[in-house]
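1. Any chance you could fold what I've pasted below:
(chains A and B)
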2 protein chains.
Amino acid sequence: MKILKTPPQGMREFTADQKAIRNYIQNVILEHYQTFGFRQIETPCVENIDLLSSGQGGENEKLIFKILKRGDKLAKSNMDDLADLGLRFDLTVPLARFYANNMGQLPKVNKFIQIGNVWRAERPQKGRYRQFTQCDIDVIGDPTYLAELELISATTATLKQFGLDGFEVKINDRRLLMAIANYCGFNEDQAAEVFIILDKLDKIGIGGIKEELAATELDQQQCDTFIEIVSSFTSHTFEDFITANESQHIVPAELLEDLKFVIDTIQKETGSGIDIAFDLSLVRGMGYYTGMIFEVKVKGYSWSIAGGGRYDRMIGRFLGGKQQVPACGFSIGFERLALILEEQGFEIPDSRKRIALLGNKDADSIRAMREHAASLRADGNTVLLDYKAKNLGKQLDDFKAMGYTAFAFVNPGETIELRDLN
Amino acid sequence: MKILKTPPQGMREFTADQKAIRNYIQNVILEHYQTFGFRQIETPCVENIDLLSSGQGGENEKLIFKILKRGDKLAKSNMDDLADLGLRFDLTVPLARFYANNMGQLPKVNKFIQIGNVWRAERPQKGRYRQFTQCDIDVIGDPTYLAELELISATTATLKQFGLDGFEVKINDRRLLMAIANYCGFNEDQAAEVFIILDKLDKIGIGGIKEELAATELDQQQCDTFIEIVSSFTSHTFEDFITANESQHIVPAELLEDLKFVIDTIQKETGSGIDIAFDLSLVRGMGYYTGMIFEVKVKGYSWSIAGGGRYDRMIGRFLGGKQQVPACGFSIGFERLALILEEQGFEIPDSRKRIALLGNKDADSIRAMREHAASLRADGNTVLLDYKAKNLGKQLDDFKAMGYTAFAFVNPGETIELRDLN
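-> Sure thing, here's the model as predicted:
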């Protein structure tokens, strides 16, 4: 049988250079999230298929890699019932299960970090993979905006560690979107349809939104009202809308006050490098959001590098609906960050000396190499042992490519002389 | 539908305390392996089912978690042909594929680190999980014993970082086992049967081996010869056997010289804390080993904490058999290490101050808390913000349990006074 040497479609492998960058990113993120009191947990990559298909994953539930039943269980199955496990498609659904499973032992408010792989059976394309890394922080148990504020600060402070600065945070609230939809007369399903179109405002403008709404079977008068409100939001400042709302009562005043509190607080904090603005067209795909939602862009990049929102109703479902647990999460686009740093030729800060020692293949040389290596390693240096190659130039080039900075020849009974690899 | 809150059977989740220990172990291993010139790579968790079933995984190939085909491909499948992907059961088979895929861009000798999860569809029991972490180092491209020597040193030097010391390394050679089997008259299949029995010498003694061999259909005279040789190995020193072999020519003399070289070299190196000894009963399960094999025990523990060996013929298979690539690997028992440190109540070295700030829920308090937090975090401290709870004692206990060492009350416009959490 011919064995393919490449990874499966849409799955990647990482060379030592790529892995070093990914590790560095992971460590920096972990380190800085921890200063905000977040703590890392880990859930298994595999979950029961019932959990993954419970309706919390939206479109992603169609993309589950399902794991075949084994032995007797498989033999007794029909074609519709072949899988009992699946690979997780995100870190949020497993986190909700984790919390439901462990809540008896957990403090009232929890700040979790998760960094791990997720899998989606999508058609692979540039920048879209079937296995990729997600990097989430979540506050479970805090119903107040302190959670949202801390998540924004933790994320932007951490991104700064990679030399990124000038953050544009967009903020919206799912309750506000729903209140406007209700004001226009849409029911919940119709609202969902409208929001999917609204999500495109960035790309197609208000004219495009009008056209797409006209092409639906929605009530056109309701659509006109909706467009009028959206236009007033985008053509006036947030403050103006608050004033207008006072006379027209489109949405509950408290919703706008909450948003204003978060926006004002972030804006007043000096040195954060954050430019925060209300954006009514921010929808974010996941169906589970119940409150404020966010996206973070870095100046100079067109796509967002992080995002998140509040999902106060998910964990309650895993608790049998008896209890609601407030939750709010933020995710850094780990793969995008890795791509940026790789493209920038990012050099990982590393003060360690890297030395290659070259000797002959006889027993005495091997023992001498190991003796020198032991003492150099004891001083904290990285030491690679190798045999002198016929083509020394090529060999030294290979060492340089691996990050070695010095080399020496080893002869039994003699001291070594380190030479720079430059 | 009722959703199970627990992880799937045999899969574990890790709380923040457990994950901290696992991260610490991983970082220390990575750090110290790197001083030996090993570099971390990563392969996907999912591989093509053909690769995983190619005969290199031995018994583990029966334990593959198979991933169901999707869409049309599944509809067209019959019951024997439902899976096209699988979860990796070890890190060695994917490494061989990785090397075959990337060898054009790699230097002649490669020292790889891999730390990652693997999956086996075994019946879960205490200490045996369906998802667990493996931690491997491999030298690819070096046919000499420098590879074996460096792997032993890297592994024991790294284990020392966890306070473990007094290493007993057992060494054997698959070629030696095969030479003895041939000398006795066994063919390859019969030899495999004999080795499985020999593997139990530790547990059942030479008497038990005799009994089990007598119960097989193997030629009993050949079995007697085998037992005589094994007895002479266990009742005499390695040096004695070398002398005996000189007159009886049981195994090629070079094989014994090679072993002697590795044993002598390790023994002569001072300060290694390694007690290395030849052990003919060391077999190690995997079928792919072709040369020296090892196991490392720590004094005071009955089971081995690391092991490995040379597998010079695996990578060649993924290259279509046109070329042989020497390879030698070592694996640290990551889960056992985690269990030891957890049981010891291991305290992770951490010089960072951990401070909890407590305030009221009004806007001014929230802003004051965040201001104090920003300045404390800028100094490298971990700062958790929370609201004053009614039951302050319980709240402070929770902070202590999470590793916080100080707390302060925050009142807008006032300075804060840090108090010890003890």
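2. So which bits of stretch A:204-216 are buried?
-> A:209, A:210, A:212, A:213 (16 or more other CB atoms under 10 Å in any protein chain shown). All C-beta atoms are positioned from the backbone trio N, CA, C, and that covers glycine.
3. er, stretch A:88-104 I mean
-> Here stretch A:88-104 shows A:88-101, A:103 as buried, counting by 16+ other CB under 10 Å.
4. And stretch A:123-132, by the same measure?
-> Buried residues in stretch A:123-132 (16+ other CB under 10 Å): A:129, A:130, A:131, A:132.
5. Mind picking the two most distant members of those residues?
-> A:130 and A:132 (7.9 Å; CB to CB).
6. if we can go back for a sec, which one of the buried residues of stretch A:204-216 sits closest to residue A:277?
-> residue A:209 (19.3 Å).
7. Which other helices and strands does the host helix or strand of the closest one contact?
-> Assigned by DSSP states H and E, residue A:209 belongs to helix A:201-214. Counting contacts by 3 or more CB pairs under 8 Å, 6 or more residues apart in numbering or on different chains; DSSP states H and E, helix A:201-214 packs against helix A:188-198, helix A:220-235.
8. Quick one: closest of these to chain B.
-> For chain B, the closest of the helices and strands packed on helix A:201-214 is helix A:188-198, at 21.9 Å, according to CB to the nearest CB.
9. thinking again about what came up before, among the buried residues of stretch A:88-104, find me the one that's closest to residue A:373.
-> Nearest to residue A:373 among the buried residues of stretch A:88-104, with distances taken as CB to CB, is residue A:91, at 41.1 Å.
10. List the residues that contact that closest one.
-> A:43, A:114, A:116, A:118, A:134, A:136, A:331 (CB atoms under 8 Å, 6 or more residues apart in numbering or on different chains).
11. Tell me how far it lies from residue A:334.
-> 11 Å (CB to CB, to the nearest Å).
12. residues bridging contact with the two, i.e. touching both?
-> Shared contacts of residue A:91 and residue A:334, counting by CB under 8 Å, 6+ apart, come down to residue A:134.
13. And stretch A:376-383, what's buried?
-> Result for stretch A:376-383 [16+ other CB under 10 Å]: buried residues A:376, A:377, A:381, A:382, A:383.
14. near chain B too, which of the residues you listed?
-> Filtering the buried residues of stretch A:376-383 for proximity to chain B by CB under 8 Å from any CB of the partner chain leaves A:377, A:381, A:382, A:383.
15. out of those, which are inside helices?
-> residue A:377 (DSSP state H).
16. ok, the buried residues of stretch A:88-104 vs residue B:273, which is closest?
-> residue A:98 (40.0 Å).
17. So for stretch A:220-239, mean pLDDT?
-> Per-region confidence: stretch A:220-239 scores 85 on mean pLDDT.
18. Please enumerate residues in contact with it?
-> Outside stretch A:220-239, the residues touching it (CB under 8 Å, 6+ apart) are A:180-181, A:183-186, A:194, A:198, A:201, A:206, A:209-210, A:213-214, A:216, A:241, A:244, A:250, A:259-260, A:263, A:277-278, A:280-281.
19. Pass me the low-pLDDT residue ranges in the stretch 151-300 of chain A, would you?
-> Low-confidence segments of the stretch 151-300 of chain A (pLDDT under 70): A:235.
20. Close to chain B: what parts of it are there?
-> A:153, A:157, A:261, A:265, A:268, A:269, A:271.
21. Cross-reference these with the helices and report the matches.
-> Checking these against DSSP H, those in helices are A:153, A:157, A:261, A:265, A:268.
22. of these, buried ones?
-> A:153, A:157, A:261, A:265.
23. Of the residues you listed, which pair is most distant in space?
-> A:157 and A:261 (20.5 Å).
24. what about residue A:273, how many neighbours?
-> 16 (other CB atoms under 10 Å in any protein chain shown).
25. you'd agree it is up against residue A:166?
-> Yes - with contact defined as CB atoms under 8 Å, residue A:273 counts as touching residue A:166 (6.1 Å).
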